[in-house]
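K.L.:
Turn this into a structure:
(2 chains)
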Protein chains: 2
Amino acid sequence: MTILTDTLSTNNASYASSFTKGELALPPAKKYLVLTCMDARIDPAAALGIELGDAHVIRNAGASAVDGLRSVIISEQLLGTNEILLIKHTGCGMLTFTNEDAHAIVQKNLGANSSGIDFLPFPELEQAVKDDVAFLKKSEFVPDSVNISGWVYQVETGKIVNIVPA
Amino acid sequence: MTILTDTLSTNNASYASSFTKGELALPPAKKYLVLTCMDARIDPAAALGIELGDAHVIRNAGASAVDGLRSVIISEQLLGTNEILLIKHTGCGMLTFTNEDAHAIVQKNLGANSSGIDFLPFPELEQAVKDDVAFLKKSEFVPDSVNISGWVYQVETGKIVNIVPA
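P.N.:
Coordinates of the predicted model:
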């Protein structure tokens, strides 16, 4: 154990000691999914009031729909979700570098060639929300019956702002 | 707006009205990341006591390290995290189907050929934790200085159980 895993294990013991939701079903009760960024400043359950058992939450660097497609398909095709909220955010790290920057950093730090990896950075936030919603709407793996909306979460205020209406 | 987005927007307005963490830095303060499943029955922040701003949280179907690698590299190479908790869970949907099953369901529901997509299901939970930790430890993109541990979250009890020590 490390100091960190010790701390998190202690936190978890406290959580489990008052846990009462052990009977929830596998499919999300409210049939929706949230696709957002891994950013440390976002707590989707708290910020949106997602109750345990209600929704799938997919998180990756930049809230990328391309990167999240495998999970999205499993969610809507195998587990019955029919509404997607795609939420990117202000101050995202993905706005601060290019693929070339990332490849150079990995080469310098690790001596490894990551040129085969698309890190999926984006230069403009609201356009990236629109592009990712469009990607999902056009995907042959996401039926038209799935409602998709696009949002920006403001890390400065805790507010979500709608960019692409549901 | 849909009934759902109306509800989540109302929830968010309440969250934002008492939000006081607008000055947090972009890099995770505690320099760790949690990679877990999108499953609706998991609330990583609550279950582990993750404070806002402390950690990256990556979530995808099955807590796949293969699927999450892009985000992991960005987290540790560009944003300074040096400890990874990989957490799969009991009752995971990924234990219940094969790639062939998923491809057949997509073909039947959507008339689309998803045979090019590896949905990354796994037949045995603890082995999958070990395999994913080993994948990260062997990756040329994750330096040995990054501490990696593997866990199972029990959806029935709210408890985490250590499988691969930190």
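K.L.:
Where does the prediction get shaky in chain A?
P.N.:
Under the criterion pLDDT under 70, no range of chain A is flagged.
K.L.:
what about the helices in it?
P.N.:
Counting by DSSP state H, chain A has helices at residues A:3-17, A:44-48, A:65-73, A:99-110, A:125-138.
K.L.:
Same list, those, but as CSV with mean neighbour count and distance to chain B please.
P.N.:
(C-beta placed from N, C-alpha, C; glycine too.) As requested, the helices of chain A are arranged in CSV below (neighbours: other Cβ atoms under 10 Å in any protein chain shown; distance: least, Cβ to the nearest Cβ, whole Å):
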stretch, mean neighbour count, distance to chain B
helix A:3-17, 16, 3
helix A:44-48, 22, 5
helix A:65-73, 23, 4
helix A:99-110, 15, 6
helix A:125-138, 17, 12
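K.L.:
Reformat those as CSV; add distance to B:I42.
P.N.:
Shown next, in CSV, are the helices of chain A (distance: least, Cβ to Cβ, whole Å):
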stretch, distance to B:I42
helix A:3-17, 11
helix A:44-48, 10
helix A:65-73, 14
helix A:99-110, 29
helix A:125-138, 23
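K.L.:
Of those, give the one that comes closest to B:M1.
P.N.:
helix A:44-48 (14.0 Å; Cβ to Cβ).
K.L.:
which strands and helices sit next to the closest one?
P.N.:
If contacts are counted by 3 or more Cβ pairs under 8 Å, 6 or more residues apart in numbering or on different chains; DSSP states H and E, helix A:44-48 sits against strand A:32-37, strand A:55-60, helix B:3-17, helix B:44-48.
K.L.:
Now render those as a markdown table, adding distance to A:L120.
P.N.:
As requested, the helices and strands packed on helix A:44-48 are exported to a markdown table (distance: least, Cβ to Cβ, whole Å):
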| stretch | distance to A:L120 |
| --- | --- |
| strand A:32-37 | 11 |
| strand A:55-60 | 9 |
| helix B:3-17 | 25 |
| helix B:44-48 | 22 |
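K.L.:
Which one, of those, ends up nearest to A:K88?
P.N.:
Across the helices and strands packed on helix A:44-48, closest to A:K88 is strand A:32-37 (Cβ to Cβ), at 6.3 Å.
K.L.:
who does that closest one touch, helix- and strand-wise?
P.N.:
Using 3+ Cβ pairs under 8 Å, 6+ apart: strand A:32-37 touches helix A:44-48, strand A:55-60, helix A:65-73, strand A:83-89.
K.L.:
Farthest from the middle of chain A: give me that residue.
P.N.:
Ranked by distance from the centre of chain A (Cα atoms, centre = their mean), the top residue is A:G111, with 29.5 Å.
K.L.:
and the gap between that residue and chain B?
P.N.:
In this view, A:G111 and chain B are 8 Å apart by Cβ to the nearest Cβ, to the nearest Å.
K.L.:
That residue: what's it in contact with?
P.N.:
Taking Cβ atoms under 8 Å, 6 or more residues apart in numbering or on different chains, we find A:G111 in contact with no residue.
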